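model this:
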Amino acid sequence: MISVSISPDTDMEFCPIPPGTFRIGSPDTEPGRYPDEGPQHEVTLSSGFYLARTPVTQHQWAALMGSRPWD
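Residues are numbered from 1 along each chain as shown. Next comes the predicted model:
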């Protein structure tokens with residue numbers, strides 16, 4: 001995990017997501033499956049990336065973007 005300071009009083013934490021292959025979607029046999037949850041298929045990420053550890057707060061958004069999302 002890395003911590004990034006986006007303003008003097010605001011930090012964000014990011015987790016590395018490595019490249020790799022995984023299955024996405026719901027199998028046809030899963031109980032309670034909705035039609036738009038399939039078909040299950042394999043996805044390959046050729047490059048890794050970082051994902052915020054938590055949802056972006058309004059304070060973080062304002063510090064980074066210079067605007068408030070509700071305006």
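
hey, let's count contacts and neighbours off CA atoms from now on
Noted.

partner strands of the one helix or strand Leu51 maps to and their direction?
Leu51 belongs to strand 49-52 when assigned by DSSP states H and E. Take DSSP bridges as the rule and strand 49-52 pairs in its sheet with strand 10-17 (antiparallel).

quick check: mean pLDDT across the helix or strand just after the partner strand?
Following strand 10-17 in sequence order, the next helix or strand is strand 20-24 (DSSP H and E). Mean pLDDT, strand 20-24: 97.

list the buried residues in the helix or strand that comes right after strand 20-24.
For strand 20-24, the following helix or strand on the C-terminal side (DSSP H and E) is strand 41-45. By neighbour count, with 16 or more other CA atoms under 10 Å as the criterion, strand 41-45 contains no buried position.

partners of strand 41-45, with directions?
strand 20-24 (antiparallel).

contacts for the partner strand?
Residues outside strand 20-24 that contact it (CA atoms under 8 Å, 6 or more residues apart in numbering): 40-46.
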